[in-house]
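Asker: starting from these lines, generate the structure:
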Amino acid sequence: MSRILVTDLDGTLLGGDPADRRRLRDALARHPEVTVVFATGRGLASIRQLLRDPLVPRPRWIIADVGATVADGSDFSTVEPVQAQLRTGWPGPERVRAALRRFRHLSYQHGVAQDGRCSYHLAPERLTGELTEAVEALGCGWTYSADRYFDVLPPAASKGHALRALAEKLDWRTEEILVAGDSLNDLSLFRLGTHGVVVAGAEPALLAAVAEHPRTHRASRQGAGGILTALRSLGWVVPDPVRTERRHPLVVGYHRPPVHWTGESWQTPTSPNGIIPTLTSVFADGLAGVWVAALPGGDGTSAPVPPTGLPLSLVPLSTAEWTGHFHQACKETLWPVLMSEPGRSVFDDRAWASYRAVNARFAEHISRQAAPGATVWLHDYNLWLVPALLRAARPDLRTGLFHHTPFPPPEIFATLPVAAELRTSLACLDWAGFHTAAFAERFRRTLAGLPGLPRIQVCPLGIDRPAITALARTRTPPHRPGDSHLVLSVERLDYAKAPVQKVEAIARLLTRRRDLRGRLTFRLVCPPPEPGITAHDTTRTLLEQRVAEVNSTWRNGSWRPVDYVSRRLSFAEVVDEYLAADVLWVTSLQDGMNLTAKEFIAAQAALPPHRAGGPGVLVLSRHAGAAAELGEAALLTDPHSPDDLSAVLAEALALTPAERRTRMDRLAALLGDERPADWAARIVDAIRGEEGAVDPL
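Answerer: Prediction:
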């Protein structure tokens, strides 16, 4: 049975004291089976801003603009054809405002974002028959609430009509729905015959109108408290459990949770591959443990709970703590050294103080969560100081750390002002894992001379190949003209991916190869990093400048050599790009693994073998971890050499269909079929010291 909470916002969900709001938020987090729907007079822009409030639960669906707008709460896209039906007959705001201009006591709400409606302020005594007749003459409907708000709507629009249409689309039954409100513009919701709750302090006119509704509860508490009372009376949520400190046999420490708060909404990764989807899969399969992650912007008491359904324990961090730790210490100090670019590293004492403080918070949190003798699995350089802190506080724990990034040579690591502090902490590990033997050997050399070194093992991460294969077979591969070439790169904006160098190589190739002009397109899918990371600003500026210059130089009619896509694509869209590409061009200056190379192989291998022109070609940086596994069948390139970049790309474009097929068949065989979840389980066993879990270095 579905359970649907449909709630007004102002005066209802947002009403009551903060403690009640927090209790309601936590109850909904404990019961993800309850679907939350907003039904409000606010517009979508206002709701986006509202979701910055950590006490506001995330809606799955949104009825906005007093029923004129219906949107998906996960991405704010409109729900069609539901919204189109609700707006049928709407004459448009210009015509409405012109027709009602003669009513001088109507005050249009200029500061309120409106869509599919016109909202006014109006005193009760000015609500006349002449006004409502003028609205009806336009073919519109209207609502009046709180003795102040007069809304002109499409004739079919109301909160109730919108909910009915949404319920029909999603097969909700009336007994599965609870509506909550406090004003007359919520009345249409209560007329649907569902369960209802009118919160304390509601408009008397609403209370009078629903007096005979047998399923409507009159709450004694205001706002969120009234909603929570109704949910409990229906048995949809249970009272707060008695809080006991539960300890776990496995604690995973990774700075990011399985969903990301954008400031407006929770978002999940688009790709099924990478560490977050891997950990999500492992815990969803029932792994006994807990995932400790940071929650930036939390104040320790009102941090929002992500709707994951996973065993998640959050470390609330203020915005200043997150900025100092992640945006500055991690991205501006440590990341350049990991990329073997020490000249880019910027050390700031205050940022490093934040790094130490956040690591201490993680260590304390992990220590509280870990059972006696538990296994702790840390991830990446963000938590490099945690091993020493855990060794001092909890010597009974077995602690491992997997490095998803490259590891620099010892002489480059030594350029860090805090190198000694980090070495001391890393030597406190029981186990350390890497994608390649080269990175593992650098780590061993960096810690040489310290007592009690960790066991070091090489265990490269793979991809969810069956998921990609299944998705690729549902897509329609685009037709590729025989005389054209599509070169593809899919990467985040980062100087370590060498995006500017690739644009320069395209310009160099076009200069030397007249036959490629008008036929070669380089599609660079390169979304920006999260807001607040400034380490790549210079790269972005230079990249956009060079893309514009190269396109201006070589543009011919509708053709331009560089197609720069600076937005995130869904994974289905990424797979479409993989299937369309003649070449996947991976040119990382340094890269721990590079899973896009593996995704490309899985997608291409899913295509019929008789495809015209043969499969695509993988051009792979010698400095990417994936080269250790795939180098014998990929074309390897050195992004540090401009001539090599353009020469190897030209070689890839010149391969015959038979040569392409031979290379792709070999790549597909090298890719293997191990699930990322199995990889994670083997590593947990390796940290615990179980023999045969992972082949040692």
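Asker: please make it C-alpha for all contacts and neighbour counts, starting now.
Answerer: OK.
Asker: how close does Glu332 get to Val290?
Answerer: 30 Å (CA to CA, to the nearest Å).
Asker: show me where the stretch 351-500 of the chain dips below the pLDDT cut-off.
Answerer: 479-482 (pLDDT under 70).
Asker: and the helices in it, which stretches?
Answerer: Along the stretch 351-500 of the chain, the segments classed as helices by DSSP state H, counting those that start in this stretch run 386-393, 410-413, 419-426, 437-446, 465-474, 499-512.
Asker: select, out of those helices, the one closest to Leu207.
Answerer: Each of the helices of the stretch 351-500 of the chain has some distance to Leu207 by CA to CA; the shortest is helix 465-474, at 52.1 Å.
Asker: show me the contact partners of that closest one.
Answerer: Helix 465-474 is contacted from outside by 272, 572, 575-576, 579, 599, 602-603, 605-607, 673, 675, using CA atoms under 8 Å, 6 or more residues apart in numbering.
Asker: kindly recompute the last result at 6 Å.
Answerer: Residues outside helix 465-474 that contact it (CA atoms under 6 Å, 6 or more residues apart in numbering) are 603, 606.
Asker: now swap in stretch 353-364 and tell me
Answerer: By CA under 6 Å, 6+ apart, the list of residues contacting stretch 353-364 reads 321, 324-325, 383, 385-386.
Asker: check what pLDDT Pro608 gets.
Answerer: Looking at Pro608, its pLDDT reads 81.
Asker: give me the element it is part of.
Answerer: Pro608 is part of no helix or strand, with elements assigned from DSSP states H and E.
Asker: what about it, how many neighbours?
Answerer: Close neighbours of Pro608, defined as other CA atoms under 10 Å, add up to 11.
Asker: over to the one 3 residues further on?
Answerer: Arg611 has 11 neighbouring residues, counting by other CA under 10 Å.
Asker: just so I know, which of the helices of the stretch 351-500 of the chain lies nearest Ala294?
Answerer: Between the helices of the stretch 351-500 of the chain, helix 386-393 lies closest to Ala294; by CA to CA that is 13.8 Å.
Asker: buried sites along that closest one?
Answerer: Using 16 or more other CA atoms under 10 Å as the test for burial, helix 386-393 gives 386-391.
Asker: same check on stretch 558-576?
Answerer: Neighbour count says stretch 558-576 has 560-564, 568-569, 572, 574-576 buried, by 16+ other CA under 10 Å.
Asker: please enumerate the helices of the stretch 1-150 of the chain.
Answerer: 18-30, 44-50, 82-86, 93-99, 129-137.
Asker: export the ones you listed to CSV and tack on distance to Val500 and mean neighbour count?
Answerer: Formatted as CSV, the helices of the stretch 1-150 of the chain follow (distance: least, CA to CA, whole Å; neighbours: other CA atoms under 10 Å):
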stretch, distance to Val500, mean neighbour count
helix 18-30, 44, 20
helix 44-50, 35, 16
helix 82-86, 44, 19
helix 93-99, 47, 14
helix 129-137, 58, 13
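Asker: hmm, back to that, which of the buried residues of helix 386-393 sits closest to Leu166?
Answerer: Closest to Leu166, out of all of these and judged by CA to CA, is Val386, at 48.6 Å.
Asker: could I get the contacting residues of that closest one?
Answerer: Val386 touches 359, 363, counting by CA under 6 Å, 6+ apart.
Asker: hmm, back to that, pick the one among the buried residues of helix 386-393 closest to Val458.
Answerer: So of these, ranked by how close each gets to Val458 (CA to CA), first place is Pro387, at 19.6 Å.
Asker: out of the contacts of stretch 353-364, who's the most crowded?
Answerer: Most neighbours among the contacts of stretch 353-364, by other CA under 10 Å: Val386, with 27 neighbours.
Asker: mind checking how far Ser484 is from Arg519?
Answerer: To Arg519, Ser484 is 5 Å away according to CA to CA.
Asker: quick one: the helices in the stretch 201-350 of the chain, in order.
Answerer: Secondary structure of the stretch 201-350 of the chain (DSSP H, counting those that start in this stretch): helices at 204-209, 223-233, 275-284, 319-322, 335-338, 349-369.
Asker: quick check: closest non-adjacent residue to His435.
Answerer: Pro460 (4.1 Å; CA to CA, 6 or more residues apart in numbering).
Asker: and that neighbour, how many neighbours?
Answerer: 19.
Asker: and the gap between it and Pro32?
Answerer: In terms of CA to CA, Pro460 sits 35 Å off from Pro32.
Asker: could you do Glu332 as well?
Answerer: Distance from Glu332 to Pro32, by CA to CA: 38 Å.
Asker: cool, Ala597 as well?
Answerer: For Ala597, the distance to Pro32 - CA to CA - is 36 Å.
Asker: related to what we said a few turns ago, which residue in the buried residues of stretch 558-576 has the weakest pLDDT?
Answerer: Arg568 (89).
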